[in-house]
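J.: curious how this folds, go ahead:
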Amino acid sequence: MAFLPRRLAAAITFAFVIGARLTPAVADAQTAPPLPSRADSFKFAVIGDSGSGDPPQYDVGARMKDARATFPFELVIMLGDNIYGRQGPQDMIDKFERPYAALLSAGVMFFASLGNHDSPNNRNYPKFNMGGERYYTYARRNVRFFVLDTNQLDPRQLAWLEGALKQSADEWKICYFHHPIYSDGGRHGSDVQLRVALEPLFLKYGVNVVFAGHDHIYERIKPQKGITYFVNGSSGELRKGDTRPSGMTAAHFDQDQAFSLVEVAGDDMYFEARSRTGKTVDSGVVHRQTSGQAVQP
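T.: Residues are numbered from 1 along each chain as shown. Predicted structure coming up:
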């Protein structure tokens, strides 16, 4: 459970939003236009709740390798629960290095966030590229990522996040962490306490897109106050049939493991979710808005 003092949550107010709008969902994702895969675009992949060490995780790793042959993504963001169960040196090999060996040998970098099943010491594991920190930020081209530790969202981390968001002049601001603030997962669902803490900062400083895991499903949420949210928590573990669709559900897939491919080209962010067998289960594009809209508390 994330920690948040009530006095801190109450002090956060809404200001301006520079968010994103989403094009209408395609009725059949299999007929959706493919990712542009432009030579000058920034490409990355998304996995969450991946570190089972079981055959489905290896299958997802193989499909990611296949995808990279035509969609050369530069890095992979990890949404927590990167290692389940024992977390010794051999487990890091069996539950991370071997499933993604082809990507690692090709120079693809993985940038992890911590989940509730991860040892805090995993922030020191070199191949997770966390630099020993529980939360951190990094940038690629016109995109800046903000990586949070939602296992313990204390005042110090919130102050850091606000400072990092405020200083960023990057066109795209993408946050990712483990516990979703919007989710239709039956097991966990939306973490409203985290939403109270984080959403005002996302709105105030123009976060465009948010990725989270924890619920072992894939889901895309309809834009909330201009921000697009994804749940990608089924790259290793799967809770089959666990989605409870609601009015905020844009798309979901809970029948097999899944991962996502993302391409940022100028003011457009294309995305495609694929299953463990390589089937496209969702796709679309987020358009970055460049004008602010006042949002009342």
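J.: who touches Ser113 in this structure?
T.: For Ser113, the contact set (C-beta atoms under 8 Å, 6 or more residues apart in numbering) comprises Ile77, Met78, Leu79, Gly80, Val147, Leu148, Asp149, Tyr176, Phe177, His178. Every C-beta, even on glycine, is put in place using the N, C-alpha and C of the backbone.
J.: could you dump those residues to TSV with distance to Asp215?
T.: Shown next, in TSV, are the contacts of Ser113 (distance: C-beta to C-beta, whole Å):
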residue	distance to Asp215
Ile77	17
Met78	16
Leu79	11
Gly80	11
Val147	19
Leu148	17
Asp149	18
Tyr176	15
Phe177	13
His178	10
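J.: what's near enough to touch Leu103?
T.: Gly61, Met64, Lys65, Arg68, Val76, Phe110 are the contacts of Leu103 under C-beta under 8 Å, 6+ apart.
J.: so how far is the one helix or strand it maps to off the chain centroid?
T.: Element membership for Leu103 (DSSP states H and E) is helix 101-105. Chain-centre distance of helix 101-105: 21 Å, with C-alpha atoms, centre = their mean, to the nearest Å.
J.: after that helix comes which helix or strand?
T.: That would be, after helix 101-105 and using DSSP H and E, strand 109-112.
J.: which other helices and strands contact that following strand?
T.: If you count contacts as 3 or more C-beta pairs under 8 Å, 6 or more residues apart in numbering; DSSP states H and E, strand 109-112 packs onto strand 75-78, strand 143-147.
J.: how about residues contacting it?
T.: Against strand 109-112 from outside (C-beta under 8 Å, 6+ apart): 74-78, 80, 82, 96, 100, 103-104, 118, 122-123, 125, 127-130, 138, 145, 147.
J.: so how do I select the buried members of the residues you listed in ChimeraX?
T.: In ChimeraX syntax, the buried subset of the contacts of strand 109-112 is picked out as below (16 or more other C-beta atoms under 10 Å):
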select :75,76,77,78,80,82,96,100,103,104,118,122,123,125,128,129,130,145,147
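J.: hmm, back to that, how about CSV for the helices and strands packed on strand 109-112, with mean pLDDT and distance to Ala39 added?
T.: Compiled in CSV, the helices and strands packed on strand 109-112 are given as follows (pLDDT from 0 to 100; distance: least, C-beta to C-beta, whole Å):
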stretch, mean pLDDT, distance to Ala39
strand 75-78, 99, 17
strand 143-147, 98, 17
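J.: just send the ones you listed back as TSV, with distance to Arg220 too.
T.: Below are the helices and strands packed on strand 109-112 laid out as TSV (distance: least, C-beta to C-beta, whole Å):
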stretch	distance to Arg220
strand 75-78	16
strand 143-147	19
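J.: compare those strands and give me the one nearest Glu219.
T.: strand 75-78 (16.6 Å; C-beta to C-beta).
J.: now the helix or strand hosting Val231: how far from the chain's centre is it?
T.: Per DSSP H and E: Val231 is located in strand 227-232. Centroid separation between strand 227-232 and its chain, computed with C-alpha atoms, centre = their mean, is 7 Å.
J.: and stretch 120-135, by the same measure?
T.: 17 Å.
J.: can you check the distance spanned by it, start to finish?
T.: Start and end residues of stretch 120-135 are separated by 11 Å (C-alpha to C-alpha, to the nearest Å).
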